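Engineer: task: produce atomic coordinates for the following.
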Amino acid sequence: MGANTVDTYVAWNFHQPKKDQAPDFTGWRDLGRFIDTAAGEGLDVIVRPGPYICAEWDNGGFQAWLTGMPGIGLRCMDPDFTEAVEEWFDHLLPIVASRQASQGGPVVAVQIENEYGSYGDDHDYLRWNRQALQERGITELLFTADGGTDYFLDGGSIEGTWAAATLGSRGDEAINQDFPAERSRVPPGRWPLRGGPE
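Structural biologist: Presented below is the predicted three-dimensional model:
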């Protein structure tokens with residue numbers, strides 16, 4: 001197949017469905033074991049911890065207890081939200097940090113939020129998310145991932161952080177249409193990303 005890397009979302013509501021219980025990383029929720037298994041197969045790992053992970057997963061990975069809090073603002077600097085995310089990261093990120101490439105593990109990158117440019121453009125929140133990851137020991141490549149148009153990349157990317165474009169279900173079309181926007185965000189001398197002519 002030629003694959004050398006696997007990426008994984010980490011669904012908060014899968015690991016902590018109830019507020020009064022600590023996140024569960026045992027049994028089929030054992031993220032560390034999953035990462036270690038990938039390493040055993042010779043694969044690098046990209047971790048995508050959210051806290052929001054994707055529209056395809058129930059409630060984007062948020063729990064009913066979180067979204068049901070009266071007046072809470074999601075995916076923003078609302079103190080109730082950021083406090084809950086910090087508690088989640090306090091449980092989750094030691095599992096990831098100890099398995100980073102710099103520690104001899106397979107984790108080579110960690111995503112900040114998820115396709116935030118499709119949702120909003122609160123760059124203070126994205127910077128907070130990046131800082132929360134770094135404060136908990138994440139030292140590998142941090143990146144954002146958004147749709148490849150200027151609109152999505154402008155909303156979801158922040159200075160000093162690699163901005164990646166997602167291709168969606170029409171990859172060939174997206175490459176031709178969207179990659180010029182992505183190319184404008186690649187540091188000089190780092191293009192082409194896919195090995196073609198510059």
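
Engineer: alpha carbons only for contacts and neighbour counts from here, please
Structural biologist: Will do.

Engineer: mind listing the strands for the chain?
Structural biologist: Taking DSSP state E to define them, one finds strands in the chain at 5-9, 44-48, 107-111, 141-147, 162-166.

Engineer: who's in contact with the closest residue to residue 42 other than its chain neighbours?
Structural biologist: In space, not counting the residues next to it along the chain, residue 42 is nearest to residue 4; the distance is 7.3 Å by Cα to Cα, 6 or more residues apart in numbering. Neighbour list for residue 4: 42-44 [criterion: Cα atoms under 8 Å, 6 or more residues apart in numbering].

Engineer: which positions in the helix ranked longest in the chain come out as buried?
Structural biologist: Criterion DSSP state H: the longest helix present in the chain is helix 79-97. Residues of helix 79-97 classed as buried by neighbour count (16 or more other Cα atoms under 10 Å): 81-82, 85-86, 88-89, 92-93, 95-97.

Engineer: rank the strands of the chain by pLDDT, which is bottom?
Structural biologist: Mean pLDDT is lowest for strand 162-166 out of the strands of the chain, coming in at a mean of 89.

Engineer: buried stuff in stretch 61-81?
Structural biologist: For stretch 61-81, by 16+ other Cα under 10 Å, it's 61-63, 66, 74-77, 81.

Engineer: closest to residue 164 out of those residues?
Structural biologist: Residue 164 lies nearest to residue 75 out of the buried residues of stretch 61-81, by Cα to Cα, at 19.4 Å.
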